[in-house]
Structures are given as C-alpha cells and as structure tokens.
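> heads up, no residue letters with this:
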C-alpha cells in the first residue's frame, strides 16, 4: 500500500523565542515491510542549522536550530511510504512455545540475541511493576506458543482497558493507567511492553501512524489522523513481531512505522529546548492518504 | 645514635597502640613490617618527626588546619549537617616507596588503557557484548550508558582522558582496586591543596624526605590538553584559518561546574584557577552555529575544550536529562560535529561500574593479550545465577554495591545490617539481580595518623589520578588518601566524616621545581578584553561590590548608634531610652524639656537613616512593643530580615562563592573571616524566639558586639583594599567597582535625605552633621580641613561636591563615568549609550548645584526642598543605571524550557 503522509506540528508562543534546539523523529523507517521513498522537512522560520543522523536504534533524527526571534514554529514533514503486508509472520511463528523462547533468549550466546536482551530491561518510562507480571501470566498458559500468548495478551489489554484520550498525558505514570484502566495508544503500548518484560521477554515501542478509514461515502478529512503507537515482541528465529493493543490488531498495511526504541522517551516525534520567557500552545495535524 | 633510639620509641609506641586497638590489630600496616619493624621507606620521615617532636607536630597540625580554613578549602556536606565543611588534613602522610609505586603506577596505566579500549568498544561496535565477554545487562542496564552518545568519536585516539581509581592495600601486601572513577573524577585539586598546606607547615620534612612533586602531573595535564587541540581534527566550521589560528594561539579551555552547591565546588574553582582555565556554569555557555561559546561581557567567545565536572547525563537538556539546569542545549551535537572536546568524554560514566570488574581479566586477555597487573577486589555480578547465589549465601561477609552509583548512595556492608535489613536487600537483589554486585570486604591496611597528639592506626584508601598523554597515561605521583574518622565505620569517605592525608611517593633523586607558567610554545598569551569573564561572573562581581559597600556603610552607622546608646551621650538615661519602643519614639514627646525633645529628634533622624539604609522599613515606624535596642539587634543580626547586616554579609559571601576562582588567596582569607564572623554573629542570637528585652539590651550593649563590628569594619576595609590593589583592573574589577560606586553613592544619598533635608534647631543639626560625617567616614577629613565648627554648606560641600574626597558623591559619579566609558560596547556613532547618558545627566545635575542654595531652607516649609529634589533625582538615576547595566551586560541568561508534545492517538 502506498501512502502520502503530511505531518504538521505548530507551536505558538506567547512571547518571542530567540533560540531553539530541536530533534525530530518524523522520518518513516526503512525495513523489510516498509519502504520510505521520500521524506521532506519544511521548518519555519528557516533553521540556521539542520542535519540528519541515525540514532542508536537506527531511527533517522532530524536536528535543527533556530537562532532568530520567532513567535511561531512550524514543522511540516511530507513523506511517501510503501507498506507491505506481514501475513507470513504468523505462519512461521506458530510452533515456538514461550518456555522454549524464554530459555533461548536467556541462554543463547548468538550475537543477535545478546543485542536483543537489552529490550528485556526496564526503561525510563516503563519501570518494573510486579502487578504487570501477574496480569501477563494469565496469557502465558503452559505449552502455549509465544506468538499466541502475546496475541492473547494484546487482546486482553484491548478488552480490559478503555481508550480515553482525555485521561492521560505523556506525564501520566503507568501506575495510574493500571489503576484506572484507561489510557491512550502510548499507554497501551507501554503496558504491553511492561507485561512482556516482566516475564523476561524482549519488547520494544513503535511509533507511527494508522490509516483511519473514513465512513463510507465521505471524503477523508485532512489532518484528522494522528500519531499512533504499538509494541513489538522479539521471537527467537523469527525476529520482531508487532501488535497493536489499542485496536486489537496485528499491524499490517495500515500501520506506518516512524521509529522504534525502548519506550516513548526514545522516539519522541518532536522535542526541543527553547529560550524564551513565555508559554506555548501546540497543534498537530496528520494527513494520511492512500495513493493508488 | 640517640636520635635513632628516639624515633624507634615513637615507632614502638605506635606498635603498642596498633596492637591494643581491637578495630585495627588484624590489618597489616603501612609503616610497620610484619615483624613489627619500621619499614625502610618510613625511616627518613620518622627521623624528621622525631626531630620535630610529636607535640610540635600537633601544633603544626593546627597550623595546617588554620591554613586550609583560611584558604577556604571546603567540602560541601549534604544531609543533616549541610554547609561548607572545612577540609580536614592529617599531617602524617601516607608514604609509598619508589619500587612499590612503580608496580602500582604500571598497573594503573594498564587499567586505564584497558578501560579506554572498553569505552571505545561500548560506544562503537559493542563487540565485547556480542562476543560474549561482557553480559549485555552490565552495560545496557547501567544508567551511565548513554545511547545517544553511541557513534560519537570524542577525540581521535582516546575516549577516556581522565581516570581515577580507589586503591587499598590488602592483607597480602598488594594494592587492590576497589572502584573506578571515570565520570568526572574529583580529588586531584584537594591532593594539590593538601600538598601545598603541608609544604608550608612542614618545610623541613620535604628537605629530608625525597618526595615526588605533584606539579609535573598538572603540567603534563596542561600539555595534554594543548596536544588535544593541536592534533584534533576539528569539524568543518573550523576551516577558517583565522579561527584555527585562534585555537593554537589562545585556546579557550573552560571548567564546567554545577555551581557552588556541589560538594567539590572548591576544587572546581581551585583547579580552574591553578591551570588558568575559565570556571563556568551551564548557563554561561551557549551553542550557536554549531559551536560552543562563552557568554562574556563583550559578547560570545568560542570555547575549544570543556573540562566537565558535571555528570554527563546533565550536560545537554536536549538529548540527555531534560530537567537538567546544569548543561548546555545542543552540546552533544557540537561534540558530534567535532567543534568542541569534552573531557571526560560524554558517556564515560558507564565504566564507573563494579559490574565490569569480574570480567576485566578476560577482557584484558582478549583485547591486550595481558594479565591484569593490578587486581580488582573480588567481585560477583548478581546477573549471573551462580554468582548471585554465592552473593546471597554470603551476604553477611560481603559489601553490596549497585552497578550504577547514585549521588548520595553508599555501599552496604553485610556485617552492619540487621536480619530484617538483610532480607530487604535479598528481595531487592532478587528483583533486579543484574543491578547489583557483591564485593569481598578487603581488610585495608592501617597507616599512622595523628590523633590527639599520638600516632594511632587508621585504615586508608588512596585515590590515584591519571590523565591521557600523547602515548599513554600520566599518573599523578601522589594522590588523595582518605582515612577513617570514626573507627567503627566500615566506609572511608570524606562525606561521612573521614579525614584526608597527603600521599608521598618517594623519589630516588631530588626533583627540580617547575612552574606552570612556562609555556611550552613560548608564545605569549594574548588576553582577551573580557579575560574570559562570563556575564554571570561579572554580575556576581558587581554584587560583591554592592554588598561589600552596603555592609560597610551599614556597619558604620550601626556602630555610631550603638555607641551613642551605650555611652548615654545624649543626656538621657540609657536605661530609659532602652525601654522606649521605636514606634513611640516617633509619636510621643517626653516631657517639656527642650533638650530632651531635641535629642529625640536627633535619634529619630538617625533611625530613619538606618531604616532607609537597611530597607528594613517599616520596622522603626510601626512595630509597637520592641525596644530600641532589640530593634537595633534585629537590624544587625536577624537573618529573617533581608536588610539586616547578617543577611547582607550572607549575600556577599554567596556572591563571592559563585566566583570563587576570581579571588587571590589573601582575598579569600578575608572573605573567610567575614563568613566566620557572620556565623558568630548569627549564633549570638539567643535560641528561643521569645526573648526578654533585658537580655537583648544586655547583649547589644556588650562590648563584644561593638568589637565584632569593629572587626568587621577591618575585614571589609581589607577586602576593599585588596580589591583596589590586587585585582588587575580589567573587566572583572570594573564590574566590582561599578557595584561599589553605585552602592556607596546610594547609601550617601539615603543618609543625607534622612538626616539633612529637614531643618532642625541648631543643636540637633550639629549632632546630625557630626553623625552623618562619621557615618560617611568624613569626620576626620572635615576637622582637619576646616578646623571649625560644623557649618551646613561646608559639610554638604565635603559630602557631595568634593571630587578629591573618595567618600563624596561627586567622586563616586566620576568614577562610575570612567568605568562605564570602558565597558565593551558597539559604537553607535556619536550617540551615547543609555548608561552613558544617565551618568552624564547625574554628573551635570550634581555639578550645577550650589551648596549655599542647597543648605537654604525653602520658604514656608521646614524642608530643604532643593536638596531633597536633587538627591531624589540622583537616586533614581543610579537605580536606572544599575538596571540598564544588568539588562545590557548581565542578563544574557535565559532559562531553557522543554517543548511538550501531546499528539498521540
């Protein structure tokens, strides 16, 4: 599936900002299921410096600084992405039991597995939480394949937790999400990762977009889409497999991947340090169109 | 022969002390051999000690402590007993023989090389992990591993530039490494200061015992820093030849400190000063066009090398800890672009990691083909099940450490823990085993220390320092030894009350003295106009000037008031005045006696001056039942009162601390005296809040209070003398002097407005004139110059318009004009800058006035309106000048804030 994506972020300041430093992780990734053909940044006012680099996780980071007083900052990224289906993952995964997978992950000295083991550890936004372990264990029945167990976990998260965009912000700790059983996609992803890590599996956070289908017979609205997030689990021999607990889906052709890392903090789409005395307001618009 | 016998006696006594001490009789000793003899490398020292005598040594010890205190060598203690704690130095050094040191320093060099290789691998390909030599969790779970630093090549050859190791001698006689310090190791400056103090207190010892000098190490550090600059291929922004030239001619090295609240701030300032680098805080730096710059008074100055004493995670709020106020946004990108070198490399803290220790021998074999020369204390990493089981089974015998050392965290000693505490620890280890190690508890050797005039054994830990050179590492021939304070404690740490020692490495041959002044290139350094003075430093100097002047004026007036009250000079009974509340002084009349009324009028005027001066208004106006003396006392001592003398002194000291590196040793000594006096004054307030007036009255009237004011005046004069005579008259001094001039002018204006504007009867006027002259330090001048009775216009002439009188208002304004003229600024054609216009207006107004007219009382009033108008306008202008200068020169500092994004589905 081919997409044209326009992601526009706008900051308005109450007082002029003289100087700002920013990092954007808004360039879609290239990997086996996705091909990013083109990605353009337009920043206003014009940055004094801008540079691209790959971060530790292989995400593209766009760094820019603005060294002139400005009351508004607009970052518009336009990308063209080709996403392919992942149906075959399931076929390969079905037979590896979670016990065997666990064993392999913890004892194998294969270089890939040694690198992957870092995703078992807790991370800045996902601390160790014993209650997650108890919650997760219910999905890990004896002899169940790892794939099935994770799929079950993802479905349970979808059922047990309420999607509620008014409840959480980035600063809401996972504790509160668990207590109130509600949150947004980022929280669902963090929960899934936390559960898997609590049992000793490697899991990571994926940021991206999801194509939202407009009601039949209506034109899709520009800018109605938004950023999305889900999680990915590592299956020995197969590699990383994605699950979207917010929508109870396996990401396929409607999920566009931007970046991955240990949790949200590693892949914040746009962050910055500004020098100025006022406060700011933010607006984000994402437009995700199929190209045929 | 007799002296030989004697020093053996000191040794024997020490022997006896050691083996009768239940805490120390088991360990081996640095001075005594196993058979109880004095080791040969201690002979020279013991002979010298005997010649001096232990009792004399004790008095030299006091001398050392005095020197350290006066030099302001402090250590900030956190927790309950917060504050700057004086540095403690035991006068008996730890002595290490030449041969022993060879082994130790070769071992340290090897370890530094090894750690450097590990660091390069961790931030490069991480083959050590994929090859199975380091378990992934030892690195990935360590908070010092900074993912954002992966792929950055901080310098061309070496990632680990600055390294320190904590060593202790085990029962086998070998030195063992207890821990590695790779973040921003502290202690080298304290080691140097220890040596300096000891060399002054025990000059003969250094003649009789051949000791390696420390200056070589610092010289080689300076050279290495220069080499880095010369050899490093800076990024493309550097292609302009002009800037490249600047680098070699006048490289700009800064020491980045978290600020005066950091526990080792003294050392940051000391090292910066000693090496000739600029001391800066994060706010002083900015990244602009991809380079790091110092925000200085005359604009931005490029920075080439940052010696950081800030932990790396705080160094860049964009890519590292977002809540950090200590770093510089964009720093990492500047490092990435090779536009600045940061020492130690960002990310190096990952090596400060006891989890690595069990794996070092294998890694050494793998990477270097060598065995470790210096053993590490036996360490078990709990991330491996077998090792964890061992640790859990032997918890009582072991020391448990987290792999990542958090500030304020301390190792846990199994023997010190209760069963409940052991259980908690077990649970913690089981929950996240990879975060912990168990370490063998080494019975450190003891070494003689001077305790209450006798030699007693104390366990010691040595911190050694290394710095990367062109072809390896230079090891400081010495180090910072710490020994236990209380004998029962198992930790040896300065933070927990330990005492430091100098470390003497015996030199086979005498070494020449070298000076850090010799520039290797022989090229003259051209000092920039702003001498690397940051805007923050300039602002602090400005406030040092203002506070010092304020304290002085304030103390002088207080002294006059206390004096008057004490002497009962005004004809009223002291006791009666003492009972009168300030409020009533302003409202009531006391009988009909004309003289008494006059005295009250005088007193009111003086109190108004004091109130104006200290801005502690409205205390004298409406607090009802406070007596005069208790109010005076509050103005002097109350720390709650922001205008009190003590508060002003505290502000002075804290502004001075913030620019610690700017002061000469003598100046700092004076500053310390002021700080101590300030502490004494604070203590003299009775503890319980509700104090009887009588107590206060007695206290105020005590000679001691006056004496301390006298003493304070002397210290403040010394400070102003040193400022005037010992500071180079560049921009830093100018900032300070501007502060002084503005403050002195303002104080004089307050004094004149409150005492001289109102017309009084002749008797009161005379009293007032005399007091004002005294308070303005002009009384003697007046008397010697006019030799006459007090005459209003003449007094005004001397106070306001005499440009030869350094206390007069005109003199302050003229000086201010001179200083303002030389401040760095862009020329605006013939237009004057705002501050130049203001000072010109002030000068003109003052010079156009006429003292005869000013002294005239205005028609239909009891006021000298002309005088009042002039003074009010001048005060306004001075305050505006202060604001304009702050705005133009000091406030380049804007706080960073984080952008937040909340845009997720």
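Yep, that arrived. If you're wondering where the values come from, they're calculated on a predicted model, not measured in any experiment.

> What residues are bridge-paired with residue B:308?
For residue B:308, the beta-bridge partners under DSSP bridges are residue B:256.

> Which residue ranges make up the domains of the chain?
Since no chain was named, I'll use chain A. A:2-83+A:268-291, A:88-267 (automatic domain parsing).

> if you could check chain B rather than the one you did, that'd help
Split into domains by automatic domain parsing, chain B comes to B:378-441, B:535-717, B:728-746+B:787-897.

> and residue A:116, what helix or strand is that in?
Under the criterion of DSSP states H and E, residue A:116 resides in helix A:111-116.

> Check which residues of that helix are buried.
Within helix A:111-116, the residues scored as buried using 16 or more other C-beta atoms under 10 Å in any protein chain shown are A:113-114, A:116. (Glycine included, C-beta is placed from N, CA and C.)

> For the stretch 151-292 of chain A, what lies in contact range of chain B?
By C-beta under 8 Å from any C-beta of the partner chain, the residues of the stretch 151-292 of chain A that approach chain B are A:165, A:169-170, A:184-186, A:210, A:226-229, A:246, A:266, A:268-277, A:280, A:282, A:284, A:286.

> Which of the residues you listed fall within strands?
Of these, the ones assigned to strands by DSSP state E are A:210, A:227-229, A:270-275, A:280, A:282, A:284, A:286.

> Columns pLDDT on top of those residues, output as a markdown table?
Formatted as a markdown table, these follow (pLDDT from 0 to 100):
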| residue | pLDDT |
| --- | --- |
| A:210 | 91 |
| A:227 | 87 |
| A:228 | 92 |
| A:229 | 94 |
| A:270 | 93 |
| A:271 | 92 |
| A:272 | 92 |
| A:273 | 93 |
| A:274 | 91 |
| A:275 | 87 |
| A:280 | 86 |
| A:282 | 89 |
| A:284 | 90 |
| A:286 | 91 |
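
> Mind checking which of the residues you listed are buried?
Judged by 16+ other C-beta under 10 Å, buried ones among these: A:210, A:227-229, A:270-275, A:280, A:284, A:286.

> ok so, going back, right, so of the domains of chain B, which gets closest to chain A?
Nearest to chain A, of all these, is domain B:728-746+B:787-897, at 4.5 Å by C-beta to the nearest C-beta.

> Ends of the closest one, what's the gap?
Start-to-end span of domain B:728-746+B:787-897 (C-alpha to C-alpha, to the nearest Å) is 38 Å.

> And the average pLDDT for it is what?
Across domain B:728-746+B:787-897, pLDDT averages out at 87.

> Just want the most central residue of chain B.
The residue lying closest to the centre of chain B (C-alpha atoms, centre = their mean) is residue B:266, at 3.9 Å.

> Tell me who's in contact with the residue lying closest to residue A:212 once chain neighbours are set aside.
Excluding the flanking residues, the one nearest residue A:212 by C-beta to C-beta, 6 or more residues apart in numbering or on different chains is residue A:225, at 5.5 Å. Residues in contact with residue A:225, defined by C-beta atoms under 8 Å, 6 or more residues apart in numbering or on different chains, are A:209-212, A:286-288.

> cutoff 10 Å now
Shown in contact with residue A:225 (C-beta atoms under 10 Å, 6 or more residues apart in numbering or on different chains): A:5-7, A:209-212, A:256, A:285-289, B:905.

> same question, residue A:184
The neighbours of residue A:184, taking C-beta under 10 Å, 6+ apart as the test, are A:163-170, A:172, A:177, A:226, A:228-229, A:246, B:902, B:904-905.

> Got a quick PyMOL command for the buried subset of these?
Command for PyMOL that selects the buried part of these, burial taken from 16+ other C-beta under 10 Å:
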select buried, (chain A and resi 163+167+168+170+172+177+226+228+229+246) or (chain B and resi 904+905)
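
> So which of the contacts of residue A:184 are in helices?
Residues of the contacts of residue A:184 located in helices (DSSP state H): residue A:177.
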